[in-house]
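[1] Please find the sequence and the predicted model below.
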Amino acid sequence: GTKGSIEGPYYVPNAPELGSKGTLPMREGEKGDRLVWNGQVRTVDGNALPGAKVELWHADDDGFYSQFAPGIPEWNLRGTFTADDEGRFEITTVRPAPYMIPTDGSCGKMISAAGWPSVAARAPAP
């Protein structure tokens with residue numbers, strides 16, 4: 001198991017269900033480097049966890065999120081994946097841009113108390 005963490009900024013429930021292997025919804029010609037992320041969800045005993053939900057949402061290459069910035073399609077770069085019988089998933093998307101995590105409200109208080117940085121770094125290039 002891993003330590004619990006914050007849900008993350010800009011979460012929206014009920015993102016499209018995309019199976020265990022799929023591509024996040026995105027605009028035609030979505031800017032950014034292609035990224036394929038795969039993994040396996042396991043129990044604390046190391047056994048595969050079939051049917052586990054993996055929710056992924058992230059900013060576009062300009063640092064904006066669907067449903068929080070104008071002109072971006074509703075479910076752009078958002079999806080829910082369900083691990084297969086071996087607990088595996090594979091997600092194709094684009095590499096997210098770095099962004100500033102909001103520092104106001106309860107999220108900001110927790111980030112400050114924990115001593116975490118408020119800037120999310122860009123994922124490394126493939």
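    Received, thanks.
[2] Dead centre of the chain: give me the residue that sits there.
    In the chain, the centroid-proximal residue (Cα atoms, centre = their mean) is L56; its distance is 3.0 Å.
[3] quick one: that residue and G8, what's the gap?
    Look at L56 and G8: by Cβ to Cβ, to the nearest Å, they are 10 Å apart. In short, each C-beta sits where N, CA and C put it, glycine included.
[4] For the chain, just list every one of the strands.
    With strands called from DSSP state E, the chain shows them at 21-23, 34-40, 53-57, 78-82, 88-94, 99-100, 119-120.
[5] packing partners for the third one?
    For strand 53-57, the packing partners by 3 or more Cβ pairs under 8 Å, 6 or more residues apart in numbering; DSSP states H and E come out as strand 78-82, strand 88-94.
[6] tell me which strands and helices the longest one is in contact with?
    Right, the one you point to is strand 88-94. strand 21-23, strand 34-40, strand 53-57, strand 78-82.
[7] winner for burial among the ones you listed?
    Among those, strand 78-82 has the highest mean neighbour count (mean count of other Cβ atoms under 10 Å), at a mean of 21.
[8] what separates that one from the chain centre, distance-wise?
    Distance of strand 78-82 from its chain centroid, counting by Cα atoms, centre = their mean, to the nearest Å, is 9 Å.
[9] what residues does that strand touch?
    Contact partners of strand 78-82, identified using Cβ atoms under 8 Å, 6 or more residues apart in numbering, comprise 12, 15-22, 24-25, 51-57, 66-67, 89, 91.
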